[in-house]
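Visitor: Pasting the sequence and the predicted model now:
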Amino acid sequence: MRRMRRARSGLFGVLFSADGFVLPRWLRKPVRVLARLFKGDFTAPRFAATILSAVFLAATGVYGAYEGGHMPAVVQAITARSGFAVDQIRVVGHHETSEIDVLEKLGLDGWTSLIGFDADKARERIAELPWVEVASVRKVYPDTLEVKIEERKPFAVWQRGNELFVVERDGRVIAPFTGGRHVALPLVVGYGAAGNAADFLAKMRRYPELASRVKGYIRVSERRWDLWLENGITVKLPEDGEDLALADLVNMDREVGLLSRDIAAVDMRLSDRLVVQLTPEAMLRRDAALTEQKGVKGKPERRI
């Protein structure tokens, strides 16, 4: 019984072993140190008070930063100065998107830490750029950011009033038209033109000799198309039967050179006839020719 009571009292009132209970190994040394401290057998290091004060102040600062919502900034500052500051940025997959715009969306300040950097939010900001369809941002430790971009594909230039826009195949606006490489895109004009251009241009590709002469495709009343040719001729297509009208137009041009004549417009809206409008100069020449022809017919015949 005496031995059992001694085991129950132990050091610092904590049992090392009693009735089969053994103190965990990782607690034994701290308990021994505390026991020696309270018995006066332990001497604190020379700068223990200073160290404990620094630890207390540091813990207080960390707690204050946490409560004040400043922990992300603290982590950024510490880790950035520990070798994790963003030093290299790789941007790939961009052709229309400016690299400067991408860097602005990343929001780096020169001391941004890779550890505390929010890649998901950066990706969302980059995805707001007009030409960007899909973006990804990846951290490559210790100091590199990799940005991959998939851009939207331009299909046509859409004129709405006096404004010009680059649009996708489905008619969605990408960005204002600024020239450059996009001058080669087909021009579609009028309300409803952007959304309906893909189907109509697919029909035009069957007639490359005609398509190569078209300067603009004009959507009229959101129902039908006019072709504006490079020589100034306007071809008015019907609302229904566009395929047949285009085939007839190409055949007539091959046979009689219709689209190379001095005319202003070809009206194909009526199914039973073709109406050709002459240019003002051609009209004057025609009127002069008719007048001359009438004069010849009305002149009396001289007898010899």
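Guide: Okay, I see it.

Visitor: low pLDDT regions in the stretch 1-150 of the chain?
Guide: For the stretch 1-150 of the chain, the stretches flagged by pLDDT under 70 are 1-22, 33, 36-49, 51-84.

Visitor: what's the domain layout of this protein?
Guide: Domain assignment for the chain by automatic domain parsing gives 83-151, 156-284.

Visitor: Which residue or residues pair with residue 263 through a beta bridge?
Guide: Beta-bridge pairing of residue 263 under DSSP bridges involves residue 278.

Visitor: Under the pLDDT cut-off, which ranges of the stretch 201-304 of the chain? List them.
Guide: Scanning the stretch 201-304 of the chain for pLDDT under 70 picks out the ranges 286-287, 289-290, 293-304.

Visitor: hey, where'd the strands end up in it?
Guide: Per DSSP state E, counting those that start in this stretch, the stretch 201-304 of the chain carries strands over the ranges 214-220, 224-229, 234-236, 263-267, 275-278.

Visitor: export the domains of the chain to JSON lines and tack on distance to residue 23?
Guide: All C-beta atoms are positioned from the backbone trio N, CA, C, and that covers glycine. Compiled in JSON lines, the domains of the chain are given as follows (distance: least, Cβ to Cβ, whole Å):
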{"stretch": "domain 83-151", "distance to residue 23": "38"}
{"stretch": "domain 156-284", "distance to residue 23": "71"}
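
Visitor: Kindly reformat those as a markdown table containing mean neighbour count and distance to residue 29.
Guide: Formatted as a markdown table, the domains of the chain follow (neighbours: other Cβ atoms under 10 Å; distance: least, Cβ to Cβ, whole Å):
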| stretch | mean neighbour count | distance to residue 29 |
| --- | --- | --- |
| domain 83-151 | 16 | 33 |
| domain 156-284 | 15 | 68 |
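
Visitor: which ones are touching the closest residue to residue 245 other than its chain neighbours?
Guide: Closest residue in space to residue 245, ignoring its immediate chain neighbours: residue 268 at 4.7 Å, by Cβ to Cβ, 6 or more residues apart in numbering. Residue 268 sits next to 235-238, 245, 248-249, 274 when contact means Cβ atoms under 8 Å, 6 or more residues apart in numbering.

Visitor: Identify the farthest-apart pair in those.
Guide: 236 and 248 (13.1 Å; Cβ to Cβ).

Visitor: What's the end-to-end length of stretch 141-156?
Guide: End-to-end distance for stretch 141-156, by Cα to Cα, to the nearest Å: 42 Å.

Visitor: Kindly report the same for stretch 197-213.
Guide: Termini of stretch 197-213 sit 17 Å apart (Cα to Cα).

Visitor: ok, and what's touching it?
Guide: 155-156, 158, 167, 169-171, 186, 188, 214, 217, 225, 227, 229-231, 242-243, 246-247, 249-250, 253, 259.

Visitor: Residue 249 versus the residue nearest in space to the middle of the chain, what's the distance?
Guide: Centroid-nearest residue in the chain: residue 132, 1.3 Å away (criterion: Cα atoms, centre = their mean). Distance of residue 132 to residue 249, given as Cβ to Cβ, to the nearest Å: 41 Å.

Visitor: try residue 23
Guide: 99 Å.

Visitor: cool, and residue 119?
Guide: Taken as Cβ to Cβ, the span from residue 119 to residue 249 is 56 Å.

Visitor: Then residue 101?
Guide: Taking Cβ to Cβ as the measure, residue 101 falls 45 Å from residue 249.

Visitor: if we can go back for a sec, redo the strands of the stretch 201-304 of the chain as TSV? Include distance to residue 162.
Guide: Shown next, in TSV, are the strands of the stretch 201-304 of the chain (distance: least, Cβ to Cβ, whole Å):
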stretch	distance to residue 162
strand 214-220	15
strand 224-229	17
strand 234-236	20
strand 263-267	24
strand 275-278	27
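
Visitor: and of the ones you listed, who's closest to residue 139?
Guide: strand 214-220 (47.0 Å).

Visitor: in its sheet, what does that closest one sit against?
Guide: strand 187-189 (parallel), strand 224-229 (antiparallel).

Visitor: Let's have these in a markdown table, adding distance to residue 163.
Guide: Formatted as a markdown table, the strands paired with strand 214-220 follow (distance: least, Cβ to Cβ, whole Å):
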| stretch | distance to residue 163 |
| --- | --- |
| strand 187-189 | 11 |
| strand 224-229 | 18 |
